[in-house]
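In: heads up, no residue letters with this:
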């Protein structure tokens, strides 16, 4: 079992470590530990607990060491845009802000008063979202944030954790591309935008691409875990980048839907697509594996349901799905990306408020609330998929749903019916699998992303949903 790879996959609500190895059947994966990733609110700000995440990574490494397993390498992926400030002495200055922190409310308009929104989009091809790193950094600068003022280095989340493991400061391309700081055409940090923030390229670590070695575990980490000088490899540090690498596509005209806290729907392109149309539609061009571009749209996904479950004593998903299937369809609809749903203290009440203000029946039962969420997401997916087909210039023949949402058969069926396109669901752990596969490519276990995808397609169970009646 020593010919395995250790993947750290951190999402916006939970994290996990997984080992992957290869057998005659293909890829075998095993979860080592899973843990929550809660937001911490204190002093008017919302933070991530970086040190708690680091402890959980160490715990996963200790578990494999106790089992006598020595991974060939380690790779880390996380959500995008957030970052850690490192001082001149090499120490972490404080816990990182979470992208749901309110300090970026209205931040894009403030920044665009100095550099126009069209100019920023032309340079980066990244959709405008108030929590993008560009706007976070500008808000911190305007607020005289002490962490930013003292920062020698600014490291995105996977890079910060790699730094804690190796002592090496890097900036991985795919995670940096989410920041709205990377020039989409040169694939390097954009000096014009750094200048507007009072930053330089020296504030960031050396640029690396998926498959490059960052460094090896420090002596401190080796002592704590019982492992040796294992290399840490730069994977697609952005979790969606890793997930898309694991799409088991066999048809070239496919779209993907990475379904989790966020729903990210897109297609792969060889070059960035930056046009007045993509700007008007607020589509994003993020970096992928093997030089690909992920032309996609961020959609507020299962966040709506996850936040509702906090008020329902975390009733099981199967029960909620059964309740949703039993109620009237299309009774109430919401726009999932409305600002009302960004981080409300009471998500069920936020949904009721939206329906009340838009003159719709107000969902009262859990089933009505979940049905409202699923119907709304399925219709939003249809809208975005039609936009993607227009941008691609051809019909999308299949939609691959990957990530945790791929297990939601009811939503997958609604999505197939709404879009009129077959839905192939799986793999569930696409992000971890993509992470492992990039490590395997770095180790010479497979040569191309196409080879990776063929292996994944024949190794893991997939479900297919054919469109039935187009319900609305």
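Out: Done, it's in. Nothing here was measured: the structure is a model prediction, and the numbers come from that model.
In: what lines up beside the helix or strand hosting residue 15 in the sheet?
Out: Element membership of residue 15, judged by DSSP states H and E, is strand 14-23. Note on strand 14-23: by DSSP bridges, its sheet partners are strand 4-10 (antiparallel), strand 26-36 (antiparallel).
In: Tabulate the ones you listed (CSV), appending mean neighbour count and distance to residue 260.
Out: Any C-beta I mention is one placed from the backbone N, CA and C, and that applies to glycine too. Formatted as CSV, those follow (neighbours: other C-beta atoms under 10 Å; distance: least, C-beta to C-beta, whole Å):
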stretch, mean neighbour count, distance to residue 260
strand 4-10, 27, 11
strand 26-36, 15, 14
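In: measure the nearest residue to residue 121 once chain neighbours are set aside to residue 39 for me?
Out: Among residues not flanking residue 121 along the chain, residue 279 sits closest, at 4.8 Å (C-beta to C-beta, 6 or more residues apart in numbering). Residue 279 sits 31 Å away from residue 39 when distances are taken as C-beta to C-beta, to the nearest Å.
In: How about residue 188?
Out: Noted for residue 188: a distance of 32 Å to residue 39, by C-beta to C-beta.
In: can you give me the strands for the stretch 101-250 of the chain?
Out: 153-156, 170-172, 206-208, 213-216, 231-233 (DSSP state E, counting those that start in this stretch).
In: which residues touch residue 17?
Out: Neighbouring residues of residue 17 by C-beta atoms under 8 Å, 6 or more residues apart in numbering: 6, 7, 8, 9, 31, 32, 33, 56, 57, 60, 61.
In: how about the last one, secondary structure?
Out: Remark: residue 61 carries the secondary structure label helix [criterion: DSSP: H, G, I helix; E, B strand; the rest coil].
In: Could you report the neighbour count for it?
Out: 27 (other C-beta atoms under 10 Å).
In: start at 12 instead
Out: Got it, first residue is 12 now, which makes that one residue 72.
In: Wait, it touches residue 236, no?
Out: Yes - with contact defined as C-beta atoms under 8 Å, residue 72 reaches residue 236; the gap is 4.2 Å.
In: Quick one: residues contacting the closest residue to residue 112 other than its chain neighbours.
Out: Of all residues not flanking residue 112 in the chain, residue 57 sits nearest, at 4.2 Å (C-beta to C-beta, 6+ apart). Shown in contact with residue 57 (C-beta under 8 Å, 6+ apart): 50, 51, 108, 109, 111, 112, 113, 354.
In: Next: residue 194.
Out: Residues near residue 194 by C-beta under 8 Å, 6+ apart: 134, 135, 200, 201.
In: how does it look with 7 Å?
Out: By C-beta atoms under 7 Å, 6 or more residues apart in numbering, residue 194 lies in contact with 134, 135, 201.
In: cool, and residue 89?
Out: The neighbours of residue 89, taking C-beta under 7 Å, 6+ apart as the test, are 21, 168, 169, 248, 250.
In: where are the low-confidence patches of the stretch 162-311 of the chain?
Out: The stretch 162-311 of the chain contains no residues with pLDDT under 70.
In: how many other residues sit next to residue 25?
Out: Neighbours of residue 25 using other C-beta under 10 Å come to 16.
In: Just list whatever residues bridge to it.
Out: Here residue 25, judged by DSSP bridges, has bridge partners residue 47.
In: winner for burial among the strands of the stretch 112-261 of the chain?
Out: Across the strands of the stretch 112-261 of the chain, averaging neighbours per residue (mean count of other C-beta atoms under 10 Å) puts strand 181-183 on top, at a mean of 27.
In: and for that strand, what are the contacting residues?
Out: With C-beta under 7 Å, 6+ apart, strand 181-183 has contacts from 167, 169, 170, 173, 215, 216, 217, 218, 219, 225, 245, 248.
In: Take those and write them to CSV, including distance to residue 98.
Out: Conversion of these to CSV gives the following (distance: C-beta to C-beta, whole Å):
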residue, distance to residue 98
167, 17
169, 20
170, 16
173, 18
215, 15
216, 14
217, 19
218, 22
219, 22
225, 20
245, 23
248, 22
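In: quick one: which of these is nearest residue 478?
Out: Of all the contacts of strand 181-183, residue 478 sits closest to residue 248, with 35.1 Å by C-beta to C-beta.
In: What separation do you get for residue 114 and residue 287?
Out: To residue 287, residue 114 is 31 Å away according to C-beta to C-beta.
In: These two - which one has more neighbours?
Out: A direct count of neighbours by other C-beta under 10 Å for residue 114 and residue 287 places residue 114 higher, at 19 against 10.
In: re the thing from before, buried set for the strand holding residue 26?
Out: Buried residues in strand 25-34, defined by neighbour count with 16 or more other C-beta atoms under 10 Å: 25, 26, 27, 28, 29, 30, 31, 32, 33.
In: So residue 458 lies in a strand, does it not?
Out: No - going by three-state DSSP, the assignment for residue 458 is coil, not a strand.
In: which non-adjacent residue is nearest it?
Out: residue 452 (7.0 Å).
In: Per-residue pLDDT of the one you found, please?
Out: Note on residue 452: pLDDT of 94.
In: Now name the helix or strand holding it.
Out: Using DSSP H and E, residue 452 sits within helix 441-453.
In: Which neighbouring elements make contact with the helix or strand just after that helix?
Out: Remark: after helix 441-453, the chain's next helix or strand is helix 460-470, criterion DSSP H and E. Helix 460-470 sits against strand 37-47, with contacts defined as 3 or more C-beta pairs under 7 Å, 6 or more residues apart in numbering; DSSP states H and E.
In: Cool, thanks, talk later.
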